[in-house]
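**Student:** Kindly return the folded structure for what I paste below:
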Amino acid sequence: MILKHRYEPVELKIMRSLNVRMNLAAKDENYYLNLEKGYEGERKFDEWIKSFSDDYLVLNDLLLEYNNTLFQIDSLMISSNKISLFEVKNYEGDFFIEADRWYSISKTEIKNPLLQLQRNESLFRRLLQELGFAFPIEAYLIFVNPEFQLYQTPLNLPIIFPSQLNRLMDKIKKKPSRLKDVHSKLAKQLLSLHLKEPPYNRLPEYHFDQLEKGIACPLCHRFYHHLTKTTLLCTSCGGSEEYPVAVLRNVEEFKLLYPNGKITINHIYKWCSLIKDKRTIRKVLSNHFKLIRQGKSSHYVKND
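**Tutor:** Next up, the predicted model:
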């Protein structure tokens, strides 16, 4: 049973929007692509873990704190006899290990993901003890991309490759899981300790005037350039969207990038750009938001 689902990270949504609306520096673009790839890998893993029965409690994307130290667990599964921690990676290409260091095939050293797994396991174990629970913990580093290859891998490492996922499932299910109140109690405590997303310290600086205006297609993330009387048409992927849906989506994007910005007809008119009639913007906002009249600073807020 999945008690905590995984949702698209806010940081990823912001970076995706910025990638469409500005020219990101190479390091920022690389960071964005890594966020996309990481989330894609976690979603693949979620499909796999769905197949476990209700005799297992699953909590995804937990942000916890122990001794003033934050740590994030991609997925955690509680069974009657143990807790399984999963660190999920969506690496692609050829890598190798040499003297406990990890390298790409071009001999560029990368971060050792096992160190992150070990850190999370250690912090979680101490947190568990502080909460008064004494369950055994097994931690796994999961690679989900079939195009990933790791050479010179020692046999004793807690690494699971895509071809080994079914065997891991069989191993976990080998001992029947019969949950009791203590397992539900632990899950509820962990949920209560989950923190909101941390500050997004790696976002590039951006300003309203420098961002490209328009409405991006939700399928291919490229700007619409063609419209009919009622519909926006994407010439890149063939997708289409009715005006109200597209405008509301753009309002949400505006609020995501500018949480303190006010929703006004002028702001959203400029932000959407492609829609040339302000009356269309006014109609959509009036139908879905409440108008706060304050003279020239009148603005819209979400309906209660």
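**Student:** Now do the contacts for the residue nearest to L57 when sequence neighbours are not counted.
**Tutor:** Leaving aside its sequence neighbours, L57 sits nearest to I78 (Cβ to Cβ, 6 or more residues apart in numbering; 4.2 Å). No exception for glycine: its C-beta is placed from N, CA and C like everyone else's. Neighbour list for I78: 56-59, 135, 179, 183, 186-187 [criterion: Cβ atoms under 8 Å, 6 or more residues apart in numbering].
**Student:** again, 10 Å this time
**Tutor:** 1, 3, 56-59, 84, 133, 135, 177, 179, 182-184, 186-187, 190 (Cβ atoms under 10 Å, 6 or more residues apart in numbering).
**Student:** do L274 as well
**Tutor:** 213-215, 223-227, 232, 243, 246, 250.
**Student:** In helices, which of the contacts of I78 appear?
**Tutor:** Members of the contacts of I78 lying in helices (criterion: DSSP state H): 182-184, 186-187, 190.
**Student:** Return the set of buried residues in the helix ranked longest in the chain.
**Tutor:** Ranked by residue count, the top helix of the chain under DSSP H comes out as helix 26-49. Residues of helix 26-49 classed as buried: 28, 31-32, 35, 38-39, 41-42, 44-46, 48-49 (neighbour count, 16 or more other Cβ atoms under 10 Å).
**Student:** Can you tell me which of these is closest to T69?
**Tutor:** Proximity of these to T69 was ranked by Cβ to Cβ; the top entry is G38 with 21.2 Å.
**Student:** any idea how far I14 is from the closest one?
**Tutor:** With distances taken as Cβ to Cβ, to the nearest Å, G38 is found 15 Å from I14.
**Student:** ok, now I110?
**Tutor:** For I110, the distance to I14 - Cβ to Cβ - is 25 Å.
**Student:** Of the two, which one has the most company?
**Tutor:** Remark: of I110 and I14, I14 carries more neighbours, 19 against 11, as counted by other Cβ atoms under 10 Å.
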